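J.: Take a look and give me a structure for this.
(chains A and B)
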Number of protein chains: 2
Amino acid sequence: MPEYRIDFQPIGSRVFTNGKESLLALAQKAGISIAALCGGVGVCGSCKIRCIDGELNPVQPEEEDEFSPDQLAQGWRLACMTVPCSDARIELPPESLTTMQRLQIDGLPKEIVLATNLHLEKFSLPVPAQDDLRADWERFSELLSNSGEACRDVSLSVLTQFSIKMREQDWSAVAVFNGAGEILGFLREDQDCYGVAVDVGTTKMAAFLVNLFNGKIEAKSASMNPQISYGEDVISRIAYANQGKIQQKTLQTSLVEWVNQLVGSLCASAQVNPDQIMDFVVVGNTAVQHLYAGLPVRQLGEAPYVPAVRQALNFPAREVDLVGAPGARVYMPPNIAGFVGADHLAMLLASDILGRQGVILALDIGTNTEVSLLKDGELVSCSCASGPAFEGAHIHAGMRAAPGAIERAKFYDGDWHLATIENQPAVGLCGSGILDVVAGLLESGQIDSTGRFTKRAARKVLLPKGDAIILVPAAKSGTGKEILVTRGDIREIQLAKAAIRAGINALLRATETKAEEIDQFIVAGAFGTYLNLDSAVKIGMFPTLPAQRFQQIGNAAGAGALEMLLSNDSRKKAETILAKISYIELTTDPEFMSSYVDAIGFSDDRKVV
Amino acid sequence: MPEYRIDFQPIGSRVFTNGKESLLALAQKAGISIAALCGGVGVCGSCKIRCIDGELNPVQPEEEDEFSPDQLAQGWRLACMTVPCSDARIELPPESLTTMQRLQIDGLPKEIVLATNLHLEKFSLPVPAQDDLRADWERFSELLSNSGEACRDVSLSVLTQFSIKMREQDWSAVAVFNGAGEILGFLREDQDCYGVAVDVGTTKMAAFLVNLFNGKIEAKSASMNPQISYGEDVISRIAYANQGKIQQKTLQTSLVEWVNQLVGSLCASAQVNPDQIMDFVVVGNTAVQHLYAGLPVRQLGEAPYVPAVRQALNFPAREVDLVGAPGARVYMPPNIAGFVGADHLAMLLASDILGRQGVILALDIGTNTEVSLLKDGELVSCSCASGPAFEGAHIHAGMRAAPGAIERAKFYDGDWHLATIENQPAVGLCGSGILDVVAGLLESGQIDSTGRFTKRAARKVLLPKGDAIILVPAAKSGTGKEILVTRGDIREIQLAKAAIRAGINALLRATETKAEEIDQFIVAGAFGTYLNLDSAVKIGMFPTLPAQRFQQIGNAAGAGALEMLLSNDSRKKAETILAKISYIELTTDPEFMSSYVDAIGFSDDRKVV
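T.: Below you'll find the model as predicted:
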């Protein structure tokens, strides 16, 4: 019996097979959760994979229905229809994975050349004695000046740690300097130094603990933004902060504590002492950046929505009570405008946008969706208020991407076929689920081009507030109650997708570009990565383009932060990108509103642009 | 009838007289409280004054008893015996003034050339608009770079204030830079900028609010150190801090709050907004400096008693939560050693010690007494633990210099003649009072050379714990109880004066100098200024020297702090003084202990050295 080795990428799992099981079954055996709405019979198209290397069984008729000849040529297959005939390397695109697996995917894999500017100095000092009464710091600074080193003004916290560490470590240590000659902290000879990259989103935060000697990610973690209790979107948090100094300070403190908690748990899991952390890179949208740094946000909430600061900030971590080495620094990359933040710049950096050829559109879907378009070496950017519907908010049965959330849905054979996170009984809908449902309703003619339910709508019910369909009957639901999708839900998705599409259209107009001229369409962010592209195109959120022009790149803001943590060259590269960006303020663009209204319906895509 | 104008210096009060009243009476009419133990009959010698200019009545026999011919030639008189015969300028030495008046005396009057390195930049910015979406700070930094100005890294707190002030002040302001190109804050065009000099003592703090445009002192204030509740001397506070991080932080916080309170009251009285304060100079002993800056103090309490830092510190005020302009700086001058602090260096600066000719001894009496000796252009310094007896602690009826404290005492005509602060009924003894009492007991033979009461002791009583004398009978006391001076009190003063004298002797030995070679003997600090020099010499605390070699210079540490606030040149001058100092650690000096034991008794002065 043959035995083939199958590598699943980018997860890096390896399984062996006798060539009789499908890739879907093999992946499931290896503990990898691939979405399979139809139960593995080649109907739903949710288990897409790509063969990078190796031989598989011939393409089946179900796959010819699902993929274009181009896609098949590129190696796209359905996992449930595919059996390996040799060793093989299989790429699992994030949209085919269920949520728990997805957390392991952190943007584009990319080689980053370590260039941190850190500089180490190992030393031993004579111990204070009756005939040598020099101050602790005097011993060290005289040693430095004797060896021709320069040491800039040193901070009180560094001085404090110095005296304590010298006594703990028998007057030997390794001093860590940055490129500006500032001392960041002191280590034992056997300790490495670390950095933390943080992507602070409106609802979620992701953080990475990295060894700054070798670039290795030692730990990563994600958690929900505690500020959700002060308003679910940026505008309501700005309004809260504007109530007074105490309120603004409360928001800052909750952010700082949140980051500190995450850093604490990263350190604990990697057995790193927080005072080994020498550098932080924190990215977020402009409001998050301002709140985190304690900058005023009032002007972000009032026309013409200017930031207090646009340039990169580089300040001592202790200024925002961030836990790290006594001289640790925080780098916050520049933001682009009041509503296009450093996180978007980090995404553009991580996607290497300036290194790509042709017309490139890149967007990051969130409560605010930031969109950038590269043409002829110049970038235009805008922001559109797409709302929190794709995060499950304002949706009747909406929920965040947690176990039991419906994340994939397809209507065929007269019924809904659903996949939930961790295959738990369905309890609600997360963003990618509601997107699929709306696309399915439209495709099967259950809603019309204005979003109203038609006569063909299956399991329609009349609620006090309007029509709805029963997506999951009470008997099958995890809550014991029906899971409904209402007219109001469809309206929310219409508004959200219209905002995104109108933003894309505004950039196309500004650059006199037709949608079909877009050579690469890059979608970043958690929701953007796990959404079903077919559905997004079907409802008109994205323009109709050949499938291979789309690229879902994961948490690219986090990846960009990581890159800037590991390399000062990347910080410079981000500045280069920034210098090429023109920002368009849509709220005062007269054509934007009509383009937005046009995009609310589900008319044929060609007419929208 | 003639009318003469009398100027009292350095208070600056002016009175007119017909030439019939004594200077004592004239001063009292002008509201100046001159000490006069004997009621103005020329006996007690407590109302010494010096005529700088003008004619007075001939010298009286009482004055010939009190002063040497040299002193008389210099213009020294007794105010009670002196009547003006022309316009006159009269110097009132601090020791002749009672306490309330004394607070107005702030070290040596001295011309300081204003040299602050501050640099102002007035500007107006275009207001954000739809066609100008630049960030607030971008507007300003582009303006700066257009005008060829450089602006170093700017702190978050400055950025925060900037955005708020621009909107409050209609986008016009004056930026304040320091010599390093850092922005300290922003003013309205009609605002001046200010600095604060603070002398933080073990028991008291003095602070001055100064206009940095013209050098004028706008307000000054003093208050008690709240840390007294954590231990009355430095060693016990270090022990408290060593209990843990929380305890050390508590001490720091109490210091910071104390300084902030005093700064707040200075600002209120001068109608200055705290954000107009651009610079602080804080001096204190080494332990106070370490606690204030949050530096570890454990090593200050353990041999060989080295400081964490000796060099000058210059850090953002916000790092110690000090209230001022957002970029305000704190300068803490270098300390000399573990127990000789920046306050002593400030005193040496204020006394212009390097500008003086001959052998100079300068000392600052406190719980620790710091002593420096200048000879042939080089300085040696030491510190001796003189204890808190001169601050009224550990004395049976001891108290601080508050109303009702006996501050002058003389024994003649078989009884004690006393003066109290504000002429209130006596309630206890402050430092200068107990010093006078011990000197009076010795002079009148009521104690012997070992400090024991003799048969001649008046009103002697036997207490359970030993002998005592009744200084004030119950009937005359403000408390209704007898005010006693015990054998224990005399012992405390013996120990204190022995420590000071042994310190002086150690420096004389180290420089191979005889006491009589001291050309100028400078006594600084509150107690040092108000003590009776005759008494100090009589009990052997100071060596016997011609009276005119002594100089009492008041709160010279505060004056030095003020000087460093007003002039960067003075900061350099302090560094020059520091470079010339050799420090002698007395605790491990084998000769110190025998010199100390020798100095406890009241034997003839010549033998002691």
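J.: any idea which element the residue of the stretch 151-300 of chain A found nearest chain B lies in?
T.: Closest residue of the stretch 151-300 of chain A to chain B, CB to the nearest CB: A:Ser163 (4.0 Å). No exception for glycine: its C-beta is placed from N, CA and C like everyone else's. A:Ser163 belongs to helix A:156-168 when assigned by DSSP states H and E.
J.: Going toward the C-terminus from that helix, what's the next helix or strand?
T.: Taking DSSP H and E, what comes next after helix A:156-168 is strand A:172-177.
J.: which other residues reach that following strand?
T.: Strand A:172-177 is contacted from outside by A:118-125, A:140, A:151, A:165-166, A:183-189, A:191, A:193, A:278, A:325, using CB atoms under 8 Å, 6 or more residues apart in numbering or on different chains.
J.: strand partners of that strand, parallel vs antiparallel please.
T.: Sheet pairing here is set by DSSP bridges, and for strand A:172-177 it gives strand A:119-124 (antiparallel), strand A:183-187 (antiparallel).
J.: Make JSON lines out of those and add mean neighbour count.
T.: Converted to JSON lines, those look like this (neighbours: other CB atoms under 10 Å in any protein chain shown):
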{"stretch": "strand A:119-124", "mean neighbour count": "13"}
{"stretch": "strand A:183-187", "mean neighbour count": "25"}
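J.: Could I get those in a markdown table, plus columns for mean pLDDT and distance to B:Gly466?
T.: Putting the strands paired with strand A:172-177 into a markdown table (pLDDT from 0 to 100; distance: least, CB to CB, whole Å) gives the following:
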| stretch | mean pLDDT | distance to B:Gly466 |
| --- | --- | --- |
| strand A:119-124 | 93 | 56 |
| strand A:183-187 | 95 | 55 |
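J.: Could I get those in JSON lines, plus columns for distance to A:Asn211?
T.: Output for the strands paired with strand A:172-177, formatted as JSON lines (distance: least, CB to CB, whole Å):
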{"stretch": "strand A:119-124", "distance to A:Asn211": "14"}
{"stretch": "strand A:183-187", "distance to A:Asn211": "12"}
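J.: Apart from its chain neighbours, what residue comes closest to the residue of the stretch 451-600 of chain A found nearest chain B?
T.: Closest to chain B within the stretch 451-600 of chain A is A:Thr588: 5.7 Å, counting by CB to the nearest CB. Nearest residue to A:Thr588, sequence neighbours excluded (CB to CB, 6 or more residues apart in numbering or on different chains): B:Gln130, at 5.7 Å.
J.: Can you give me the neighbour number for the one you found?
T.: Neighbours of B:Gln130 under the rule other CB atoms under 10 Å in any protein chain shown: 11.
J.: A:Val15 contacts A:Glu3, correct?
T.: No - here A:Val15 does not reach A:Glu3: they are 10.5 Å apart, not a contact under CB atoms under 8 Å.
J.: The two: who's more crowded?
T.: Under the criterion of other CB under 10 Å, the comparison of A:Val15 against A:Glu3 puts A:Val15 first, with 19 against 9.
J.: which other helices and strands contact the helix or strand containing that one?
T.: Per DSSP H and E: A:Val15 is located in strand A:13-17. Helices and strands touching strand A:13-17, as assessed by 3 or more CB pairs under 8 Å, 6 or more residues apart in numbering or on different chains; DSSP states H and E, comprise strand A:4-9, helix A:23-29.
J.: and that strand, what's its mean pLDDT?
T.: The predicted model assigns strand A:13-17 a mean pLDDT of 82.
J.: Give the partner strands of that strand in its sheet and their orientations.
T.: Using DSSP bridges, the strands paired with strand A:13-17 are strand A:4-9 (antiparallel).
J.: Could I get the CA-only coordinates of the partner strand as CSV?
T.: Only the C-alpha atoms of strand A:4-9 are listed here, as CSV (Å, rounded to 0.1, in the frame of the first residue of the first chain):
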residue,chain,number,x,y,z
TYR,A,4,2.0,9.6,0.7
ARG,A,5,3.0,12.6,2.8
ILE,A,6,0.7,15.6,2.7
ASP,A,7,1.8,19.0,4.0
PHE,A,8,-1.0,21.4,4.8
GLN,A,9,0.1,25.1,4.4
